[in-house]
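In: Sharing a model that was predicted from the sequence below.
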Amino acid sequence: MSRFWSSVVQTLTPYMPGEQPQMQRLVKLNTNESPYGPSPRVLAAIENQNTADLRLYPDPEGAALKQAIADLHGLDPKQVFLGNGSDEVLAHVFAGLLKQSKPVHFPDITYSFYPVYCKLFGIDYQTVPLGNQFEINAADYKVPNGGIIFPNPNAPTGRSIPRSEIESLIHGNKDSVVVIDEAYVDYGTESCIPLLRGNHCPENLLVVHTLSKSRALAGLRVGYTVGHPDLINGLERVKNSFNSYPLGRLAQAGAIAAIEDQAHLEETSAKVIRTRTKLVEQLSALGFDTLPSTANFIFTRHPQHSGAKLDQALRDRGIIVRHFKLPRIEEFLRITIGTDEQSGELVSALKKF
Ligand SMILES: *Cc1c(COP(=O)(O)O)cnc(C)c1O
């Protein structure tokens, strides 16, 4: 604490990212990174950059990357907004679109960055409880609100809802923006992006993606959102009032190569899904209850062992997972899907315990 902190800074409770331990030989299953590297084309694209050009500012619009993203999704580049990781994109969404006279609505159990942004930007929010099976019921959001945001699949539960439910939500909620955070969409969830194509693009839907998870580029910091050009335009106004050059030259070049290699994404996501299926079966044989996941992580609990104890037991054996000391989910562990080998080490550590 310093007497120079503003009153806002004094009241913040910042987001706590999963730890990035420096120890080698750890089985790191705590921050949902990809166990496989990015497309080899990413490294090639970065190496092909002329380092002498680094003295020059990058393209502030990221036009080539926007075009690549638009081509991938069958959209217009005017429907694409870029940021330094999707966390930055989300910050601009909260500041520019979700600060309204009514509170923004999001699940009681969800990505814990959402309430942090609300505090920072002075946004009123209302949490909507997940159902008994930790599911999102889109109908629960059909109440007066200043905006709606949730991940699909949700984090940290891994549960998803069908696109049709979200479609009906946006049509029944014409007066505020609905933001679907699709950070983990590539592991078996229906994306809402098809709703944005063509002349019937809704005015009030934004879909947020990141290159940090399925494209294995958490270290490059690239995220984006797609939606109606008028929403995107509002976000550009916020961005250009904050940092006009959020993506460096190397990030733009690497991201384009990653977006263009859809085959690599599909191959590595399929491997993660296979490992997930196997792990869920192995955990079930050990007595764990696991929520149905369409993410690159699972949310699981054991009726006889507390979440805190299991977390510590794994840590003692060099395996790091995520445990949240929060109401309703204290008994759960969130475990990132690693390689088959890492998964095997996890299962054998649990068996020994
Ligand atoms: C990981 C994650 C993000 C943020 O990813 P970036 O690395 O900032 O792009 C956003 N939303 C959810 C739900 C996430 O889990």
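Out: Arrived safely, thanks for sending.

In: tell me the strands in this structure, going along the chain?
Out: Shown for the chain, the strands assigned by DSSP state E span residues 27-28, 80-83, 104-107, 125-128, 148-151, 178-181, 205-210, 223-227, 289-290, 297-301, 319-320, 332-336.

In: Could you export those strands as JSON lines, including mean neighbour count?
Out: The C-beta positions use only the backbone N, C-alpha and C, and glycine is treated the same way. What follows is the strands of the chain, written out as JSON lines (neighbours: other Cβ atoms under 10 Å):
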{"stretch": "strand 27-28", "mean neighbour count": "20"}
{"stretch": "strand 80-83", "mean neighbour count": "26"}
{"stretch": "strand 104-107", "mean neighbour count": "25"}
{"stretch": "strand 125-128", "mean neighbour count": "16"}
{"stretch": "strand 148-151", "mean neighbour count": "26"}
{"stretch": "strand 178-181", "mean neighbour count": "26"}
{"stretch": "strand 205-210", "mean neighbour count": "26"}
{"stretch": "strand 223-227", "mean neighbour count": "27"}
{"stretch": "strand 289-290", "mean neighbour count": "16"}
{"stretch": "strand 297-301", "mean neighbour count": "24"}
{"stretch": "strand 319-320", "mean neighbour count": "21"}
{"stretch": "strand 332-336", "mean neighbour count": "27"}
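
In: would you turn those into JSON lines with distance to the ligand and mean pLDDT?
Out: Compiled in JSON lines, the strands of the chain are given as follows (distance: least, Cβ to the nearest ligand atom, whole Å; pLDDT from 0 to 100):
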{"stretch": "strand 27-28", "distance to the ligand": "15", "mean pLDDT": "92"}
{"stretch": "strand 80-83", "distance to the ligand": "8", "mean pLDDT": "98"}
{"stretch": "strand 104-107", "distance to the ligand": "11", "mean pLDDT": "98"}
{"stretch": "strand 125-128", "distance to the ligand": "16", "mean pLDDT": "98"}
{"stretch": "strand 148-151", "distance to the ligand": "4", "mean pLDDT": "98"}
{"stretch": "strand 178-181", "distance to the ligand": "5", "mean pLDDT": "98"}
{"stretch": "strand 205-210", "distance to the ligand": "3", "mean pLDDT": "98"}
{"stretch": "strand 223-227", "distance to the ligand": "4", "mean pLDDT": "98"}
{"stretch": "strand 289-290", "distance to the ligand": "18", "mean pLDDT": "98"}
{"stretch": "strand 297-301", "distance to the ligand": "9", "mean pLDDT": "98"}
{"stretch": "strand 319-320", "distance to the ligand": "16", "mean pLDDT": "96"}
{"stretch": "strand 332-336", "distance to the ligand": "10", "mean pLDDT": "98"}
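
In: Could you pull up the residues touching the nearest residue to residue 291 once chain neighbours are set aside?
Out: Among residues not flanking residue 291 along the chain, residue 299 sits closest, at 4.7 Å (Cβ to Cβ, 6 or more residues apart in numbering). Taking Cβ atoms under 8 Å, 6 or more residues apart in numbering as the criterion, residue 299 is in contact with 134, 156-158, 290-291, 293, 329, 332-334.
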